[in-house]
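In: Quick one, structure for this:
(one chain, ligands or ions: 3)
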Amino acid sequence: MKVHLEGLSLSHLDADVLVLPVYAQEDPAKLLASLDKGFDKAALAAWKTAAQEEGFSGKSGQQVWLPTYGAAPFKKICLYGLGKEADVNAAVYRKLGAQVSRRLAATPTPNVAAGTGSKKKGSAEKERSVCICLRDTKKLSEERALEAALECFVLASFSFLRYKTQAQDESRRNEPMSKRWTLSFKSGLSKAKFDATVKRALTISQSTNLARELIAEPPVYMTPTRLAHEARRIAKEYGLDVKVLDAAQAEKLGMGAFLGVARGAKEEPRLIVLKYNYSRSKKTIGLIGKGITFDSGGLSLKPAQSMEHMKYDMSGAASVLATMQVVGALKPKVSVLAVVAATENMPGDNALHPGDVLKSMNGKTIEVNNTDAEGRLILADAITYAIKEGVDELIDIATLTGAVVTALGRVAAGIMGSSPQMIAALMESGKSCGEQFWQLPLFDEYKEGLRSDIADLKNAGSRGEAGSSSAGMFIKEFTENLPWVHMDVAGVSWLDRDKDELNKGGTAFGVRTMSRYILSH
Ligand code: BES
Ligand code: MN
Ligand code: ZN
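Out: Ligands and ions are numbered 1, 2, ... in the order given. Here you go, the predicted model:
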């Protein structure tokens with residue numbers, strides 16, 4: 001996506017669309033006249049009347065798109081309601097970015113729409129351009145408005161068309177809109193500030209879209225081996241250290257819990273490690289991702305309905321890899337180690353039996369009473385690995401429990417852990433970018449439900465009783481008293497219908513929050 005700081009004055013703007021944010025009860029004609037003296041008076045009056053006739057009042061989220069019929073160099077003007085100036089926050093600009101993006105994506109490409117049928121080969125299509133005006137308010141700087149609008153513009157433009165053989169729309173080819181549109185912002189920001197903010201917003205949103213692609217891929221393709229391949233590509237492109245362990249190497253390290261889960265699958269497991277080193281770092285942040293590339297439940301098989309979307313059980317892994325891409329591109333002042341445990345959970349010949357006892361890498365033994373509680377098993381060994389590599393704090397992200405979907409729906413992720421400071425910082429990072437969390441408790445009593453008669457622990461507590469906290473408690477057993485936060489993203493990682501800037505499908509929840517958290521160091 002090409003993004004630049006608009007150099008032309010508004011009345012000379014040679015774009016397809018100008019997006020003008022307008023406060024509640026503000027006169028758009030007066031606003032334009034105050035921004036630029038060069039506008040044609042009759043055109044301003046005509047736009048004002050047209051807006052009034054459409055009932056435009058500038059309330060939050062309201063849009064009116066008007067053709068300019070040659071009265072200005074831009075072809076259309078979009079008046080976008082921001083609501084009351086005192087209430088303007090980043091969420092308003094997030095919505096603006098997403099709504100404008102969706103609207104443009106649905107705009108047919110002209111020379112195809114003109115009825116010429118398929119496009120003539122070689123006739124390069126003109127890129128179309130949109131300019132969004134930014135407005136500084138006391139509560140929200142132009143920098144934050146830019147970041148919010150751009151991030152959500154890119155997120156809302158996501159499409160996954162690899163497996164579509166027919167064009168989605170007769171008037172439009174299956175081409176991502178980022179290739180069809182260029183974006184500019186009219187802003188008072190300095191070039192340096194503008195460029196830095198654009199780089200950050202583009203990196204985070206495009207990395208999130210990368211994770212969404214990994215999640216969207218069918219599980220037969222997005223295997224542990226494939227995830228490792230993606231990690232290597234990211235490492236190469238951004239100069240990160242990468243290490244990929246196969247089953248034999250994991251065996252040598254004693255990763256019995258991780259390998260136990262992998263036993264039922266034909267696909268080989270991979271433990272994927274990425275490292276970003278900042279030479280003067282005061283600490284190393286550990287990111288741990290659950291990478292179950294398909295969760296059938298194993299012998300504790302899921303019913304068909306619950307299995308349908310279980311390709312997204314590697315969402316935590318995808319978000320960790322995408323976050324490492326952000327880290328590699330933006331080079332924060334803190335070291336980060338990412339560990340992704342990747343395997344399928346399948347009921348093959350050699351699969352775990354309910355009743356089996358596994359020995360984890362840190363020495364604890366685990367009785368497997370439910371093979372569908374596999375996420376915590378692979379996270380246990382991944383966490384031990386990260387601790388042995390010397391991380392100072394741990395963040396794990398996993399589509400871990402159905403219970404968190406029951407508790408919080410698709411609205412917020414569950415967050416819990418041993419460090420109130422980290423929980424607060426991550427929740428704050430999430431708030432600033434529209435990712436919501438709700439804290440769940442880790443009372444010591446939850447440990448009692450994980451007591452085994454024959455091993456140190458069992459992997460699943462009683463069904464229907466505080467399932468998310470119980471899973472959190474299990475993981476806590478492997479964190480060796482390091483500051484640790486667990487994010488259960490089972491609910492928020494998948495949408496059955498479009499929601500704000502996210503289309504239905506995988507959301508890659510957590511990339512924005514973790515990236516902001518790391519960049520705030
Ligand atoms: N991957 C699932 C959790 C999940 C459920 C993710 C729904 C997304 C949507 C996880 O591995 C799982 O199966 N958890 C079990 C644990 C139980 C057996 C203790 C669950 O939540 O039912
Ligand atoms: Mn499971
Ligand atoms: Zn799972």
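In: List the buried residues of the helix or strand where Ala382 lies.
Out: Using DSSP states H and E, Ala382 maps to helix 375-388. Going by neighbour count (16 or more other C-beta atoms under 10 Å), the buried part of helix 375-388 is 375-387. C-beta: built from backbone N, CA, C; applies to glycine.
In: Next: stretch 357-367.
Out: By 16+ other C-beta under 10 Å, the buried positions in stretch 357-367 come out as Leu358, Lys359, Ser360, Met361, Asn362, Lys364, Ile366, Glu367.
In: With stretch 244-264 instead?
Out: The neighbour-count check on stretch 244-264 (16+ other C-beta under 10 Å) flags 244-245, 247, 250, 253-264 as buried.
In: which residues sit against it?
Out: Around stretch 244-264, the neighbours that count as contacts under C-beta atoms under 8 Å, 6 or more residues apart in numbering are 228, 231-232, 268-273, 292, 298-299, 341, 343-348, 350-352, 356, 358-361, 363, 366, 368, 371, 374, 377-378, 380-382, 384-385.
In: ok, now stretch 377-388?
Out: Stretch 377-388 is contacted from outside by 250, 253, 255-258, 260-261, 271, 273, 286, 288-292, 337, 339-341, 343, 358, 360-362, 364, 366, 368, 394, 396, 398, 400, 459, 474-475, 477-480, 482, using C-beta under 8 Å, 6+ apart.
In: Keep only those of these that are in helices.
Out: Within these, residues falling in helices by DSSP state H are Ala250, Gly256, Ala257, Phe258, Gly260, Val261, Phe474, Ile475.
In: Spatially, which two of the residues you listed are the most separated?
Out: Across the ones in helices among the contacts of stretch 377-388, the longest distance by C-beta to C-beta is 19.9 Å; it joins Ala250 and Phe474.
In: quick one: the helix holding Ala382 near ligand 3?
Out: Yes. Using C-beta under 5 Å from the ion, we find that helix 375-388 touches ligand 3 at Gly375.
In: and if you look at stretch 396-406?
Out: No. Contact of stretch 396-406 with ligand 3 (C-beta under 5 Å from the ion) is absent, the minimum separation being 6.1 Å.
In: gap between that stretch and the chain center?
Out: Counting by C-alpha atoms, centre = their mean, to the nearest Å, stretch 396-406 is centred 16 Å from the centre of its parent chain.
In: Give the rounded mean pLDDT of that stretch.
Out: Per-residue pLDDT over stretch 396-406 has a mean of 98.
In: now swap in stretch 514-521 and tell me
Out: Per-region confidence: stretch 514-521 scores 98 on mean pLDDT.
In: Same check on stretch 14-29?
Out: Mean predicted lDDT for stretch 14-29 stands at 97.
In: End to end on it, go ahead and measure it.
Out: Stretch 14-29 has an end-to-end distance of 19 Å (criterion: C-alpha to C-alpha, to the nearest Å).
In: could I have stretch 139-146 exported to CSV, CA atoms only?
Out: This file holds the C-alpha atoms of stretch 139-146, laid out as CSV (Å, rounded to 0.1, in the frame of the first residue of the first chain):
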residue,chain,number,x,y,z
LYS,A,139,-7.8,14.8,23.1
LEU,A,140,-6.4,13.1,20.1
SER,A,141,-3.2,14.1,18.3
GLU,A,142,-3.0,13.9,14.5
GLU,A,143,-0.4,11.2,15.0
ARG,A,144,-2.8,8.9,16.8
ALA,A,145,-5.6,9.8,14.4
LEU,A,146,-3.3,8.8,11.5
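In: chain center to it: distance?
Out: For stretch 139-146, the separation from the chain centroid amounts to 21 Å (computed by C-alpha atoms, centre = their mean).
In: Any chance you could list what contacts it?
Out: Outside stretch 139-146, the residues that touch it by C-beta under 8 Å, 6+ apart are 86, 88-90, 93, 134-136, 185, 187-189, 193-194, 197-198, 201.
In: Could you pick out the buried ones from those?
Out: When these are checked for burial by 16+ other C-beta under 10 Å, the buried set is 88-90, 93, 134-135, 185, 187, 189, 193-194, 197-198, 201.
In: Do a quick rundown of the helices in the stretch 201-350 of the chain.
Out: Per DSSP state H, counting those that start in this stretch, the stretch 201-350 of the chain carries helices over the ranges 224-238, 247-252, 256-262, 304-307, 315-330.
In: Gly417 against Leu442, yeah?
Out: Yes. Assessed by C-beta atoms under 8 Å, Gly417 is found in contact with Leu442 at 7.4 Å.
In: Among those two, which residue is more densely surrounded?
Out: Taking other C-beta atoms under 10 Å, Gly417 and Leu442 do not tie; Gly417 has more neighbours (24 against 20).
In: and the more buried one, how far is that from ligand 3?
Out: 20 Å (C-beta to the ion, to the nearest Å).
In: So what pairs up with that residue in the strands?
Out: According to DSSP bridges, the residues that bridge with Gly417 are Val485.
In: before we move on, back to that, if you compare the helices of the stretch 201-350 of the chain, which one is most tucked away?
Out: Among these, the stretch with the highest mean neighbour count (mean count of other C-beta atoms under 10 Å) is helix 315-330, at a mean of 28.
In: got the angle between that helix and helix 224-238?
Out: Counting by axes from the mean of the first three to the mean of the last three C-alpha atoms, to 10 degrees, helix 315-330 lies at 10 degrees to helix 224-238.
In: just the contacts of stretch 244-264 that are near ligand 1?
Out: Filtering those for neighbours of ligand 1 using C-beta under 6 Å from any ligand atom leaves Glu374.
In: that older thread, does ligand 2 have contacts with the helix holding Ala382?
Out: No. Counting by C-beta under 5 Å from the ion, ligand 2 is not contacted by helix 375-388; separation bottoms out at 6.1 Å.
In: tell me the angle of that helix relative to helix 315-330?
Out: Going by the same axes, to 10 degrees, helix 375-388 makes 30 degrees with helix 315-330.
In: What's the separation between Gln168 and Ala105?
Out: The gap separating Gln168 from Ala105 is 10 Å, by C-beta to C-beta, to the nearest Å.
In: Between those two, which has more neighbouring residues?
Out: Neighbour count, other C-beta under 10 Å: between Gln168 and Ala105, Ala105 has more, with 18 against 11.
In: Which residues are in contact with the nearest residue to that one once chain neighbours are set aside?
Out: Leaving out its chain neighbours, the residue that sits closest to Ala105 by C-beta to C-beta, 6 or more residues apart in numbering is Met177, at 4.4 Å. Met177 makes contact with Ser101, Leu104, Ala105, Ser157, Ser159, according to C-beta under 8 Å, 6+ apart.
In: Surely Phe294 touches Pro347?
Out: No. Counting by C-beta under 8 Å, Phe294 does not reach Pro347; the two are 11.3 Å apart.
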